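>>> when you get a sec, could you give me coordinates for this:
(4 chains)
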4 protein chains.
Amino acid sequence: MSFDFDQAMPYASNTLYGRLRRDCGPDWYAYVEHPFVKALGAGTLPRDEFLAWMVQDYLYLAHYTRAYALLIYKSSSVPQMRSAADIVHGLLNSEMSLHKRQLAEAGLSAAEIDEVPETLETLAYSRYILDRGMSGDMLDLTVTLAACLAGYAEIGLRLAETTTRQKDHPYRDWIDTYAGAEYGGHVRQGLGRLEELWESHGGPGRYPMLLKQFREAVRLEAAFWNAGRSALNQSNPAS
Amino acid sequence: MSFDFDQAMPYASNTLYGRLRRDCGPDWYAYVEHPFVKALGAGTLPRDEFLAWMVQDYLYLAHYTRAYALLIYKSSSVPQMRSAADIVHGLLNSEMSLHKRQLAEAGLSAAEIDEVPETLETLAYSRYILDRGMSGDMLDLTVTLAACLAGYAEIGLRLAETTTRQKDHPYRDWIDTYAGAEYGGHVRQGLGRLEELWESHGGPGRYPMLLKQFREAVRLEAAFWNAGRSALNQSNPAS
Amino acid sequence: MSFDFDQAMPYASNTLYGRLRRDCGPDWYAYVEHPFVKALGAGTLPRDEFLAWMVQDYLYLAHYTRAYALLIYKSSSVPQMRSAADIVHGLLNSEMSLHKRQLAEAGLSAAEIDEVPETLETLAYSRYILDRGMSGDMLDLTVTLAACLAGYAEIGLRLAETTTRQKDHPYRDWIDTYAGAEYGGHVRQGLGRLEELWESHGGPGRYPMLLKQFREAVRLEAAFWNAGRSALNQSNPAS
Amino acid sequence: MSFDFDQAMPYASNTLYGRLRRDCGPDWYAYVEHPFVKALGAGTLPRDEFLAWMVQDYLYLAHYTRAYALLIYKSSSVPQMRSAADIVHGLLNSEMSLHKRQLAEAGLSAAEIDEVPETLETLAYSRYILDRGMSGDMLDLTVTLAACLAGYAEIGLRLAETTTRQKDHPYRDWIDTYAGAEYGGHVRQGLGRLEELWESHGGPGRYPMLLKQFREAVRLEAAFWNAGRSALNQSNPAS
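Numbers count the residues shown, from 1 in each chain, chains lettered A, B, ... in the order given. From the prediction side, this is the model:
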């Protein structure tokens, strides 16, 4: 692929995030160029797998929101609290509502979704973030959350580039959401806050540990693309 | 005083909250009829003590907000998360902003307030709530928060009753805020959620422990009325 | 199988634990009669799979110990703290040391073990316990830990019954550990504490939620038997 | 006083701890040379105040132990866990038992002690440590705990120097405990671990925040010397 990270996300390149991303090496590409992502971009991803994945993503988002609530709790100033509270507000009232509306259009009611069991991929990733967030400080938590936040922008921009002329792409909405200016603005702000925390809470000795947990999050993001298939296999064990 | 709790807060009387309040006995009245409260109602409370107290109340509110963020984290459903997130939003964007505006009118800048050390009363009460909230479950946390939430409505209504004809009362704004319909609505909702948690998480065996931590919160509320005087004594050790 | 739970663990039958176990229905048997357990009992479990599983079990135990440290933190009396601290001490100085010695005999050094990545099964189960334990109270935490604690005694006793005459059974040590009197004593004490917590913190409204998280732990225990095979597949992706 | 810190605790001088202690300036001396400490050293401290203080110190130690349990939970390696677990073990089975025995000799039963209410000083200090420990990482927690750990060694050594010839000193046991080789060994180990954490988790940007919370702990230590008198005033409100 011809995707140029430095051009697409120039604000992210010479930052702690850029360094973490580069130092993940092949693990990073196993995430952002995962077969699920490629099939989604090619429009060949089966609809039922996408929907099953989206249900898991909805279940995941509830815990992702809890992680940002933890960031409010861990804040040491009111502006920090306010910034994390804005994200909680946006997740609950915008991103999660959007998921639920899209799933409703596909015929899944809110009550049905809440009854779907979480797959191993969903449990492992969401609870890993919460555990690192509770054990560590604001910087640990923010680093662990960054793989999801900024990775989805990169994936959106990658897919937008290759699918830009396909107006009737089956996953147009999904791609446009993560390639869009609104999501991009959230990412820019989030990485800005990460950089500030690296100034106030960082230090050379911390980098190996931060890379380790960022890499684990990236590895769990890659595994999470299989959550839809896992869910389908669980509910149809005979197939 | 002729204050009639059952008439003023009829929704609170036959509830877990009503039972906890009654079982506190004299500790409850040491809080809601504290000399500070009486002086505030009589309009004789020195302005500098009120302002010093309000600065401590502002510092307290930051931790009170962190406790509601913890409630989001501890929620087991999205509606529960949304309800706690609304409170966080209201505290950060309305109640705390109001405090800061009033303190600014009195000549204290935001930067000055952040530099004021927390008194023992402020530290003890706010961190006690957070500790019980982290150690226990949603019910423990909500019970510990209820002494502040609902006690202030009772105090507001008590003072409103006796000061209703004094338009130029020096603490008119403060009394009207906590006696008002908007704050009353928050209290009604909060106690409704407490009742739901008592149904879903309660049990006869839990009551003694819940009463113990509610009573401790009430005791710390009573002590907190001295926070302004403590702050003044700390900054003027010679006086 | 002819295993008789009421006879083998009479102290556990008419308890909260007995009720939770029964109400899990087939999920319980998917855990204690898992193909891995049957192959272990039959002596046909491949050695490399057992060792790979044991490495994951060692990694899991570190987080299981963290969960008991959380129980110390969440305790509301010194005797409760002491009881949880004894378990932490035993896990760190006895059970984990035993694992490490057995793995060393099989040729795996301590440094090698620490470098093994956790599988999804290990991450999902261990972090689920920690998350429920942090979100809930002592009862939530103790219920979530009980599936592991008491299930292993049942599995040990089941396997002991069918393998009792095979002195040279390849997994003799493992079976004897969990069927043994020492482990049985820990389980009896642990379930005794669970019963006390059900008295002091329980209530009819709590049961559905407690069952839900106990069942999730049981489901994750069943999945955890695959952790060895997952680890082998990860390290030999070509096979 | 002629106390020479660099000579008495040479291992502590050129460390993060030494720097934090120096940068506290007069706040440090308000703690280690507090009137209570001087009266204790002079043997003029009233017995009833000392005993009331010791009861509060016992109540404080329970939460101090919870903070070390949190350190086990927050550890990222088994040796770190083991080191924190040893402290938990020592606190529960040695230091707290010693307190209880001394209080029993003075006529206070275990049941009586547990019923004593915590003073504001006890609540504020113990819960502040737990809150900073939960919000921050292992380094934040260890720094906040260091004021108590190492300050008591310095106080013990200071008092030992001036009272060394008084065999029948009324507080001989107390002074000898904290001036003794065993306690000194704990402090040396604890500060060694702090130094390691400063290497692995530190950084120049973190120092101001670490100093702020160390200074707050020092300030709360100074206030804690009044806990005995506060307790006596609470139980005899008329006096």
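>>> the helix or strand where A:S126 lies and chain C, are they touching?
Following DSSP states H and E, the helix or strand that holds A:S126 is helix A:120-135. Yes: Helix A:120-135 reaches chain C (CB under 8 Å from any CB of the partner chain) through A:120-121, A:123-124, A:127-128, A:130-131, A:134. Where you see a C-beta, it was placed from the backbone N, CA and C, and this is true even at glycine.
>>> which other helices and strands contact the host helix or strand of A:A12?
Counting by DSSP H and E, the element that carries A:A12 is helix A:10-13. Under the contact criterion of 3 or more CB pairs under 8 Å, 6 or more residues apart in numbering or on different chains; DSSP states H and E, helix A:10-13 touches helix A:5-8, helix A:181-201.
>>> try it again at 10 Å.
Where contact means 3 or more CB pairs under 10 Å, 6 or more residues apart in numbering or on different chains; DSSP states H and E, helix A:10-13 is packed against helix A:5-8, helix A:16-23, helix A:138-163, helix A:181-201.
>>> closest one to C:D114 among those?
Proximity to C:D114, assessed across the helices and strands packed on helix A:10-13 by CB to CB, is greatest for helix A:138-163 (19.5 Å).
>>> what mean pLDDT does the closest one get?
For helix A:138-163, the mean per-residue pLDDT is 97.
>>> show me what the following helix or strand past that helix is in contact with.
Per DSSP H and E, the first helix or strand lying C-terminal to helix A:138-163 is helix A:172-179. With CB atoms under 10 Å, 6 or more residues apart in numbering or on different chains as the test, helix A:172-179 has contacts from A:8, A:40-41, A:43, A:50, A:54, A:95, A:98, A:102, A:151-164, A:166, A:169, A:171, A:183-184, A:187.
>>> avg pLDDT for helix A:172-179?
94.
>>> specify the angle between it and helix A:138-163 in degrees.
130 degrees (axes from the mean of the first three to the mean of the last three CA atoms, to 10 degrees).
>>> report the buried residues of helix A:172-179.
A:174-175, A:177-179 (16 or more other CB atoms under 10 Å in any protein chain shown).
>>> could you do stretch A:14-22 as well?
A:15-21.
>>> what about it and chain D, touching?
No: using CB under 10 Å from any CB of the partner chain, stretch A:14-22 stays clear of chain D, coming no nearer than 12.0 Å.
>>> rounded mean pLDDT for that stretch, please.
The model assigns stretch A:14-22 a mean pLDDT of 96.
>>> for chain A, longest helix please?
Counting residues, the longest helix in chain A under DSSP state H turns out to be helix A:47-74.
>>> just the buried ones out of the contacts of helix A:172-179, please.
For the contacts of helix A:172-179, buried by 16+ other CB under 10 Å: A:8, A:40-41, A:50, A:54, A:95, A:102, A:151-161, A:163, A:169, A:171, A:183-184, A:187.
>>> residue numbers of chain A in contact with chain D?
Checking chain A against chain D by CB under 10 Å from any CB, the hits are A:70, A:73-76, A:131-132, A:134-141, A:196-209, A:212-213.
>>> let's see that with 6 Å instead.
Proximity of chain A to chain D (CB under 6 Å from any CB of the partner chain) is limited to residues A:74, A:135-137, A:199-203, A:205-206.
>>> residue numbers of chain A in contact with chain C?
So far as CB under 6 Å from any CB goes, chain A lies against chain C at A:120, A:123-124, A:127-128, A:130-131, A:134.
>>> PyMOL command to pick out the buried ones of these?
In PyMOL syntax, the buried subset of those is picked out as below (16+ other CB under 10 Å):
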select buried, chain A and resi 120+123+124+127+128+130+131+134
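>>> now the residues of chain A next to chain C as TSV including pLDDT?
Putting the residues of chain A next to chain C into TSV (pLDDT from 0 to 100) gives the following:
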residue	pLDDT
A:L120	98
A:L123	98
A:A124	98
A:R127	98
A:Y128	98
A:L130	98
A:D131	98
A:M134	98
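>>> ok, the residues of chain A next to chain C vs C:L91, which is closest?
A:D131 (17.9 Å).
>>> for the residue nearest to the closest one when sequence neighbours are not counted, give its distance to chain D.
With sequence-adjacent residues excluded and distances taken as CB to CB, 6 or more residues apart in numbering or on different chains, A:D131 is closest to C:R127, at 4.8 Å. For C:R127, the distance to chain D (CB to the nearest CB, to the nearest Å) stands at 13 Å.
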